[in-house]
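*Asks:* Sequence plus the predicted model coming up.
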Amino acid sequence: MNNLTAKTSIAMVMIISICLLADPPRTLTYQGKLTDAGGVAESGSHTIVFKIWKDETSTASADSLWAEQLAVMVTNGLFDVILGETTPIDLPFDEQYWIELKVGTETLAPREKLATVPYAHRAVYAEIAEYEIGDGGIPSDAYIAFPSSSSLTGWTYTEQNDGSIAFGDIVGDTWTSKELMSDVRSSGAAASVNGKVYVIGGSNSGELSLNEEYDPVTDSWTTKSPMPTAREGLVAVAVDDKIYAMGGYNAGGYSNKNEVYDPVTDSWMTKTDLPHATIYPGASDANEKIYVIGGRDGSGILAYNQEYDPDSDTWSLKASLGSGRERVGAAAASVDNKVYLIGGMITYPDSDPVDYNDEYDPATDTWTVKSSMPTSRGFLVAVAVDNSIYAITGSGSTGRLATNEQYLTVSDNWATKQNFVWGFDCGMAAEANGRIYFAGGYAEFLGNRQGSYEYCPSLDFFWFQKD
């Protein structure tokens, strides 16, 4: 390797989303990994110039088609950015392009090929590799690595002799209609265990105890053992292959019930009640514990952060939402053992949608205000897939929304994704095998629904690494 001032290596990942079905992209979502020459992950701000070229090696100005310089925040080696927000990528993508990165003063070589799939598939991708700056190319000992939660279902690929990857038939940022549930309902809860999705409780002219299992492989629903206490506005969180159904509202009023479902035995058990009854809180898991946050009861909107330990069947109160951040109808999801509480309503009864995005770190018992969601709304769903959280549907100031926005946790940025099929709120959604499954909900002008839909995010996060 050359003697460099900054010895770094970069694992490049391109995830590109198209905003219009038949048009080429104007922004690209780019994720990557940055390490030093010894493979130690970098952190901090780095100046990176991204360039798109017409030719693989030319330095002629006429062949430089687009460029943008960004101050990129790298955390534990990982970063993601949205290219084209400052300088729109006004290219037709009807011929071969190459992308080049300049990190600080060092230009990475070789340039990497950009290729497109048909725009109707709504995806563009890059061939990727890891290499050290100055070493002249892709190492022969490279291999492809996927995060444990990733899935290539529906994607085909071929590994080339030079270590590059050629993709085909990639479908991303798309919604597909699936089999109907047995009945209409909204305001239930969903969680997944072993690749199957369970939709529990909800409302349809009264609180429900209905528990249905969806199998994505067979596209079929099966009615399972009902929840002991019928409820709406509850939350459901899976830990250690069991689903905990918590809170909500039933004929007896605001509920603090905590009931656990075991899909293996198709049976329920009653666990220790929540310290504070709540309806429409946000909830997610981190470090094998469950956090039930906010919501409301008969006295108004709550700021409680209730931590449940399934192993000991005990509750603890943790750092509450800060003053003015309490809300109802927010959605929660977790990435890297941190919980994100997104959106919600801040006045009673359930109005004034907000764009809040708060990160809770259980390790330090602290809250951090993060980049606001672009569209203010409550009674949305939030689902994590790899390092991203998808905030889908919800009630806004103009009514029920079909909005789908992706939160990139590494860079603290948002991206607009393909809208849901209709304006909804109070839907139920969970991730399984890298896809998001959305069921039921209350549709604008149509009422409670029984449809289910599969969302395929853009190409998931992966990169080449050296042995």
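*Replies:* The structure has been received and is ready for your questions.
*Asks:* My guess is residue 442 contacts residue 423. True?
*Replies:* No. Counting by CB atoms under 8 Å, residue 442 does not reach residue 423; the two are 9.6 Å apart. Every C-beta, even on glycine, is put in place using the N, C-alpha and C of the backbone.
*Asks:* hey, what's in contact with both of these two?
*Replies:* residue 400 (CB atoms under 8 Å, 6 or more residues apart in numbering).
*Asks:* List the buried residues in stretch 374-384.
*Replies:* 375-384 (16 or more other CB atoms under 10 Å).
*Asks:* Which one of the residues you listed is nearest to residue 35?
*Replies:* The shortest gap between residue 35 and any of these belongs to residue 384, at 24.8 Å (CB to CB).
*Asks:* how many other residues sit next to residue 75?
*Replies:* 17 (other CB atoms under 10 Å).
*Asks:* ignore the last one, residue 177
*Replies:* Neighbours around residue 177, by other CB under 10 Å: 10.
*Asks:* what's the answer for the one 3 residues further on, then?
*Replies:* Neighbouring residues of residue 180 were enumerated by other CB under 10 Å; the total is 14.
*Asks:* Start at 46, not 1
*Replies:* Sounds good: first residue 46 from here, last item residue 225.
*Asks:* which ones are touching it?
*Replies:* 266, 495-497.
*Asks:* Turn the residues you listed into CSV, including neighbour count.
*Replies:* Below are those laid out as CSV (neighbours: other CB atoms under 10 Å):
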residue, neighbour count
266, 20
495, 17
496, 19
497, 25
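*Asks:* Nearest to residue 363 among those residues?
*Replies:* For the contacts of residue 225, the nearest to residue 363 is residue 497 (34.1 Å; CB to CB).
*Asks:* hang on, isn't the closest one packed against residue 221?
*Replies:* No. The pair residue 497 / residue 221 is not scored as a contact, 9.9 Å apart, by CB under 8 Å.
*Asks:* follow-up on the earlier one: give me the subset of the contacts of residue 225 lying in strands.
*Replies:* 266, 497 (DSSP state E).
*Asks:* Farthest pair within the contacts of residue 225?
*Replies:* 266 and 496 (11.4 Å).
*Asks:* overlap in contacts of these two?
*Replies:* Common neighbours of residue 266 and residue 496 (CB under 8 Å, 6+ apart) are 225-226.
*Asks:* hang on, residue 323 packs against residue 292?
*Replies:* Yes. Assessed by CB under 8 Å, residue 323 is found in contact with residue 292 at 4.7 Å.
*Asks:* Quickly list what's touching both of the two.
*Replies:* By CB under 8 Å, 6+ apart, the residues touching both residue 323 and residue 292 are 301, 337, 340.
*Asks:* burial measure for the last one, as a count.
*Replies:* When you say that, I think you mean residue 340. Around residue 340 there are 32 residues (other CB under 10 Å).
*Asks:* so it makes contact with residue 373?
*Replies:* Yes. Using CB under 8 Å, residue 340 makes contact with residue 373 at a distance of 5.4 Å.
*Asks:* Overlap of the contact sets of these two?
*Replies:* 324-326, 346-347.
*Asks:* By neighbours, which of those residues wins?
*Replies:* residue 326 (31 neighbours).
*Asks:* where's the residue nearest to that residue when sequence neighbours are not counted relative to residue 393, distance?
*Replies:* In space, and not counting its chain neighbours, residue 326 is closest to residue 340: 3.2 Å by CB to CB, 6 or more residues apart in numbering. With distances taken as CB to CB, to the nearest Å, residue 340 is found 11 Å from residue 393.
*Asks:* same question, residue 448
*Replies:* 24 Å.
*Asks:* So for the two, which residue has more residues nearby?
*Replies:* residue 448 (22 against 12).
*Asks:* List the contacts of that one.
*Replies:* With CB under 8 Å, 6+ apart, residue 448 has these contacts: 420, 422, 436-439, 441, 464-465.
*Asks:* How about residue 235?
*Replies:* Contacts of residue 235 (CB under 8 Å, 6+ apart): 242-245, 281, 473-475, 482, 484.
*Asks:* and it, backbone torsions?
*Replies:* Main-chain dihedrals, residue 235, degrees, to the nearest 10: phi -140, psi 150.
*Asks:* Any idea what it is bridged to?
*Replies:* Beta-bridge pairing of residue 235, defined through DSSP bridges, involves residue 244.
*Asks:* Not counting the helix or strand that contains residue 222 itself, show me its contacts.
*Replies:* Element membership of residue 222, judged by DSSP states H and E, is strand 219-223. Contacts to strand 219-223, defined as CB under 8 Å, 6+ apart, come from residues 166-167, 259, 261, 264, 463, 465-466, 482, 496-501.
*Asks:* taking those as a set, which two sit the farthest apart in space?
*Replies:* Counting by CB to CB, the most remote pair of those is 166 and 259, 24.8 Å apart.
*Asks:* between the two, who's got more neighbours?
*Replies:* residue 259 (24 against 17).
*Asks:* could you list every residue that touches the more buried one?
*Replies:* Residue 259 touches 223-224, 226, 241-244, 265-266, 482, 484, 497, counting by CB under 8 Å, 6+ apart.
*Asks:* Residue 90 too?
*Replies:* For residue 90, the contacting residues are 116-119, by CB under 8 Å, 6+ apart.
*Asks:* Put together CSV for these, with pLDDT and distance to residue 400 on each row.
*Replies:* Output for these, formatted as CSV (pLDDT from 0 to 100; distance: CB to CB, whole Å):
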residue, pLDDT, distance to residue 400
116, 91, 24
117, 89, 24
118, 87, 21
119, 83, 26
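*Asks:* Make CSV from the residues you listed and add neighbour count, secondary structure and distance to residue 149 to it.
*Replies:* Below are those laid out as CSV (neighbours: other CB atoms under 10 Å; DSSP: H, G, I helix; E, B strand; the rest coil; distance: CB to CB, whole Å):
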residue, neighbour count, secondary structure, distance to residue 149
116, 9, strand, 11
117, 20, strand, 11
118, 17, strand, 15
119, 21, strand, 12
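*Asks:* List just the nearest of the residues you listed to residue 377.
*Replies:* The closest of these to residue 377 turns out to be residue 118 (CB to CB; 23.6 Å).
*Asks:* Next up, the contacts around the closest one.
*Replies:* Contacts of residue 118 (CB under 8 Å, 6+ apart): 89-90, 124, 456-457.
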